[in-house]
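Have a look at this prediction, sequence included:
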Amino acid sequence: MLSAALPTPVACDLADSLLPQVPICSDQPEAKRVVSELAHAMGFLPVDRGSLASAREVEAMPLHLLPSWKVPAILALGLFIFFYAYNFTRDVLQPYVREDKNKFYKLPLSMVNTTLPCVAYVLLSLVYLPGMLAAALQLWRGTKYRRFPDWLDHWLQHRKQIGLLSFFCAALHALYSVCLPVRISYRYDLVNLALQQVLSNKSHLWVEENVWRMEIYLSLGVLALGTLSLLAVTSLPSIANSLNWREFSFVQWTLGLLPYFSYCETAAVNMGVQVSLQDPAFNLVNIYPEVELLERMVILLYHLRNGHIVPHSGCTILHSYQQCTSLRFLHILTTTCTLLSCSVLV
């Protein structure tokens, strides 16, 4: 009998208590049983990885560098390049060509800070969009037992990595925003504003609307970042395993709508509703969230029309529940509020 288990790299990880599972490959069931009993006796968890032909793949597993992060990282980088190029063309290159204004000093910090929330928001929408597509596909098929298409299956499997990258971009945006007042250009603008106030003979400069707008803008931004932090923490295996399904789904799906609402309201308050409508970057960022929220409303109306208990988003897909145990009033409320806020802005 021939079997493969505890390859050299895996054995080193086990010695450091980094990998409690032991992959086992063998063509003989009896060999697998013996090795599994040996692993149990050693205090490890045996995992059946198929035939002996899979031993080479198991041997190479500890040598892989973040295989599940490759596609999400490329996606995030592509989105960053796209929005950075767009903001550069619109806010730096266009004023230079048309008005001969040199704003290239914005490239290292200001343009990056403008791009990061766009990337974070699109990535967050890409976390929830595949779940709604899967739910719509199940409703269209009339069954939950058929396999998803490969592209949708891979998309669902990468949601955790995409969500963490969204949180990473949002956290960087917060740090960059803190650094904005430290810039020399900001100090020059502040001095120029003071000089203009003196030249215009104004002793008191106070615009009530702008003050309230900035206060609400910062408050909603902190709320969005705090919610994303909670989502990122609960996605960690050590935290997720300590929550039951209802607690986990409440945090990930119901509270996950708050960043949508916060971003829409933040953009509207900061730029003004009319300005937001005319901002192409804002409209570009909102494409995927609008589609996802529209799907939420369609599925919600479908279940209400048919007299079903309103399911929590994704519970039927992830845990094969036929119906949820109760009406998610808070989920419906947050969904409706978010849809209404987006409908005002778009």
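Cool, got the structure.

make it CA atoms for all contacts and neighbour counts henceforth
Will do.

Distance of residue 297 relative to residue 132?
For residue 297, the distance to residue 132 (Cα to Cα, to the nearest Å) stands at 10 Å.

Where do the strands of this protein begin and end?
Counting by DSSP state E, the chain has these strands, from start to end: 3-5, 21-26, 45-48.

what sits against residue 196?
With contact set as Cα atoms under 8 Å, 6 or more residues apart in numbering, residue 196 has no partners.

if we can go back for a sec, counting neighbours, go ahead and name the busier of residue 297 and residue 132.
residue 132 (21 against 14; other Cα atoms under 10 Å).

Hmm, residue 292 and that one touching each other?
Yes - because the distance of 6.7 Å satisfies Cα atoms under 8 Å, residue 132 is recorded as touching residue 292.

where do the helices sit along the stretch 151-300 of the chain?
Listed in chain order, the helices of the stretch 151-300 of the chain (DSSP state H, counting those that start in this stretch) span residues 159-179, 184-199, 208-234, 237-240, 245-249, 257-271, 273-277, 280-285, 287-305.

Can I get those in JSON lines including distance to residue 69 and mean pLDDT?
Shown next, in JSON lines, are the helices of the stretch 151-300 of the chain (distance: least, Cα to Cα, whole Å; pLDDT from 0 to 100):
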{"stretch": "helix 159-179", "distance to residue 69": "6", "mean pLDDT": "92"}
{"stretch": "helix 184-199", "distance to residue 69": "37", "mean pLDDT": "83"}
{"stretch": "helix 208-234", "distance to residue 69": "15", "mean pLDDT": "84"}
{"stretch": "helix 237-240", "distance to residue 69": "16", "mean pLDDT": "83"}
{"stretch": "helix 245-249", "distance to residue 69": "23", "mean pLDDT": "82"}
{"stretch": "helix 257-271", "distance to residue 69": "23", "mean pLDDT": "61"}
{"stretch": "helix 273-277", "distance to residue 69": "34", "mean pLDDT": "47"}
{"stretch": "helix 280-285", "distance to residue 69": "23", "mean pLDDT": "68"}
{"stretch": "helix 287-305", "distance to residue 69": "21", "mean pLDDT": "71"}
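
Turn the ones you listed into a markdown table, columns for distance to residue 125.
Supplementary listing: the helices of the stretch 151-300 of the chain in a markdown table, determined by distance: least, Cα to Cα, whole Å:
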| stretch | distance to residue 125 |
| --- | --- |
| helix 159-179 | 9 |
| helix 184-199 | 33 |
| helix 208-234 | 12 |
| helix 237-240 | 21 |
| helix 245-249 | 17 |
| helix 257-271 | 8 |
| helix 273-277 | 19 |
| helix 280-285 | 9 |
| helix 287-305 | 5 |
